[in-house]
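[1] got a predicted structure plus its sequence, pasted below:
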Amino acid sequence: MISILLKRRKIMRTVLGFDSGTSNSVVAVIENGQPVVIANAEGARTTPSVVALRKDEYIVGQKAKNQRIVNAKNTISSVKRSMGTRTKINLEGKDHSPEEITAKVLQKLKVDAESYLGHEVKEAVITVPAYFDDSQRTAVKNAGEIAGLEVLRIINEPTAAALAYGLDKNTNENILVYDLGGGTFDVSILDIGDGVFEVKSTSGDTHLGGDDFDQKVYEYILSEMDEKVRKIVEKDPNARSRVMQESERVKIELSSSVEANVNLPFLTAIDNVPVHFELTITRAKFESLIEALVEKTKKSVDQALKDANMTIKDINQVVLVGGSTRVPLVVERLRSWIGKEPCKGVNPDEVVAIGAAIQGSILSGERNDIVLLDVTPLTLSIETLGGVSDSVISRNTTIPVSQTKVYSTAADNQPQVDIKVYQGERKMVEGNKMIGNFVLDGIIPAPRGVPQIEVVFDLDANGILNVSAKDKATGKSQSITITGNSSLTESVERRNGAEQTAYRAEKLLKEHRDKFEDELAEDLEDGIKAVRDNLDTENPEVLDQSVSELNDILMNAGEIVYKAAMEKQAADEAAKEAETSEAVVEDAE
């Protein structure tokens with residue numbers, strides 16, 4: 001009798017790195033110490049950040065982008081610009097938050113990555129524009145959690161790019177990362193060398209990118225149309241979508257050609273007569289359309305240099321990030337501003353995801369030879385008398401950091417103080433964004449200016465801010481932890497969790513149905529249907545119950561799948577052992 005010892009395969013802790021982009025998203029991982037960009041199920045290394053809903057089926061990526069022309073009303077792109085807001089996106093009559101839409105893209109990338117790796121992955125690092133504020137960062141973290149990920153760290157995109165660029169560099173140098181993506185722009189200056197990546201400054205614009213270039217081309221194309229045709233097109237979502245898609249194509253083509261032809265056959269019809277539209281756009285014309293937008297990025301470059309206490313002469317290398325840096329005018333202007341040829345040694349579409357994967361390997365303990373010192377992008381302050389914003393932690397301060405300031409009362413016998421925390425660069429709070437507030441009461445009656453109120457700001461490496469206030473006389477204190485304002489309500493979060501459970505069950509049933517008896521397969525189908533039917537119920541307990549029942553069925557099904565995998569592994573090892581024994585006998589003979 002042959003005794004076989006079953007050994008569980010040890011799976012290394014894997015952390016995925018996500019570049020959640022405005023136009024395209026990318027996922028990467030570290031394998032055998034090297035970064036790998038994971039291709040999606042369609043074989044592409046980048047996935048369009050486009051989501052569509054068609055007859056209760058969510059379509060994500062290139063498929064969604066392809067059908068946008070015929071389903072423009074129920075297709076959404078560039079949702080990154082709405083992160084951190086309470087914008088509602090209506091698809092097929094259902095309202096979605098920006099987090100939910102972003103989660104669909106992240107979920108697809110997660111599933112494709114798991115298919116490539118051969119096992120489930122929960123942990124992730126997700127990148128954001130360096131100039132994203134508190135609520136925008138929290139929205140991205142929420143999106144990751146909706147997608148079934150444990151978000152270990154939110155990391156700035158330029159910082160991630162610098163990690164990828166400087167991974168194997170042995171020299172000390174100051175680099176300027178110029179990140180112009182589909183919808184956002186960032187510039188960061190870092191000092192790298194000896195495994196230390198120190199961010200000196202960051203600046204940017206969260207509403208400037210390739211989408212704005214597309215919009216300029218779109219507006220120009222419309223301006224060249226007959227007025228009657230233009231009015232029809234502007235009212236027709238599918239026609240508008242065709243023109244916008246053609247605008248994007250023309251922009252891309254003009255990065256390598258001196259002219260591009262706009263060709264829109266059967267764009268619309270007038271009196272039942274088809275209207276075809278054609279136009280030639282030269283690169284010179286395109287550059288004249290976007291020149292002001294490109295020049296606008298120089299303001300952020302100058303600000304970053306100033307905040308880093310550097311001049312152009314101090315910069316050793318310029319690293320380009322984001323697809324929009326392929327536009328010749330961008331490279332030309334940057335070359336003239338900096339006086340150096342930008343680095344072409346990194347792929348601008350993939351470098352951010354690679355950097356996120358490297359950060360993931362640091363957090364997982366796989367790498368311990370890299371130290372990352374990032375900064376807070378925006379000033380953190382409190383409101384003082386007259387609505388004045390008093391800075392406690394200035395922008396571009398290295399994190400983690402703790403700062404303390406002492407304040408007093410503004411009126412005689414004031415019994416309490418209202419601590420209002422703001423984020424932004426304006427001198428008056430009305431121009432900044434309030435991110436949290438709390439009240440410290442029980443102050444001993446005294447003339448104004450006498451009480452001593454100590455306020456402490458603690459900002460950790462994840463960008464989570466703890467604010468505390470203490471009356472020095474009484475020792476009484478109050479505090480608040482600020483992680484950002486979510487646009488998700490409790491009901492939406494419950495619904496998202498239920499959808500995630502149903503999705504996991506569908507995936508398990510699709511991939512392993514042959515291992516289940518008919519009764520179990522039917523239980524899974526019924527459980528999935530019950531959850532889906534209860535998604536819009538007004539009674540949350542009904543939805544929770546259906547999710548709980550489906551989870552119980554999933555547990556049984558998972559046990560069967562695991563048992564089948566172990567039996568197959570045992571059989572494979574037995575067969576291999578038998579082959580080895582036969583080979584030994586043959587050699588002996």
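    Yep, it's here.

[2] show me what the top strand by length along the chain is packed up against.
    Ranked by number of residues, the top strand in the chain under DSSP state E is strand 259-270. Packing partners of strand 259-270 (3 or more Cβ pairs under 8 Å, 6 or more residues apart in numbering; DSSP states H and E): helix 227-235, helix 237-253, strand 273-282. C-beta: built from backbone N, CA, C; applies to glycine.

[3] could you say which of those is packed most deeply?
    Greatest average neighbour count among those goes to helix 237-253 (a mean of 19), per mean count of other Cβ atoms under 10 Å.

[4] mean confidence score for it?
    Mean pLDDT, helix 237-253: 93.

[5] now that helix - C-alpha only, CSV.
    Extracted in CSV, the C-alpha atoms of helix 237-253 (Å, rounded to 0.1, in the frame of the first residue of the first chain):
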residue,chain,number,x,y,z
PRO,A,237,-26.1,61.2,-27.5
ASN,A,238,-25.0,58.5,-29.9
ALA,A,239,-23.9,61.0,-32.5
ARG,A,240,-22.1,63.0,-29.9
SER,A,241,-20.4,59.9,-28.7
ARG,A,242,-19.2,59.1,-32.2
VAL,A,243,-17.7,62.6,-32.6
MET,A,244,-16.0,62.4,-29.2
GLN,A,245,-14.6,59.0,-30.0
GLU,A,246,-13.3,60.2,-33.3
SER,A,247,-11.8,63.2,-31.5
GLU,A,248,-9.8,60.9,-29.3
ARG,A,249,-8.6,58.8,-32.3
VAL,A,250,-7.5,62.0,-34.1
LYS,A,251,-5.5,63.2,-31.1
ILE,A,252,-3.7,59.8,-30.9
GLU,A,253,-3.0,59.8,-34.6
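
[6] so how far is that helix off the chain centroid?
    25 Å (Cα atoms, centre = their mean, to the nearest Å).

[7] beta partners for the nearest residue to K169 once chain neighbours are set aside?
    In space, and not counting its chain neighbours, K169 is closest to I192: 6.6 Å by Cβ to Cβ, 6 or more residues apart in numbering. As for beta bridges, I192 partners with E173, F197 under DSSP bridges.

[8] and I192, how far is that from N172?
    7 Å (Cβ to Cβ, to the nearest Å).

[9] more crowded one of the two?
    More crowded of I192 and N172, by other Cβ atoms under 10 Å: I192, with 23 against 11.

[10] my guess is that one meets L176, correct?
    No: in this structure I192 lies outside contact range of L176 using Cβ atoms under 8 Å: 11.5 Å.

[11] and the longest strand of the chain, average pLDDT?
    For strand 259-270, the mean confidence score works out to 92.

[12] listing partners with orientation, what would you give for it?
    Short version: by DSSP bridges, strand 259-270 pairs with strand 273-282 (antiparallel).

[13] need the next SSE after the strand it pairs with, C-terminal direction.
    helix 283-307 (DSSP states H and E).

[14] hmm, who's touching that next one?
    176, 178, 180, 185-189, 200-205, 208, 212-213, 216-217, 220, 250-251, 254, 257-259, 311-312, 315, 327-330, 333-334, 337-338, 395-396 (Cβ atoms under 8 Å, 6 or more residues apart in numbering).

[15] again, only this time at 7 Å
    For helix 283-307, the external contacting residues (Cβ atoms under 7 Å, 6 or more residues apart in numbering) are 180, 185, 187-189, 201-205, 208, 212-213, 216-217, 220, 254, 258-259, 311-312, 329-330, 333, 337, 396.

[16] could you flag which of the residues you listed are buried?
    Among those, those buried by neighbour count (16 or more other Cβ atoms under 10 Å) are 180, 185, 187-189, 201-205, 208, 212-213, 216-217, 220, 254, 329-330, 333, 337, 396.

[17] what about those residues, which are in strands?
    Checking the buried ones among the contacts of helix 283-307 against DSSP E, those in strands are L180, F185, V187, S188, I189, S201, T202, S203, G204, D205.
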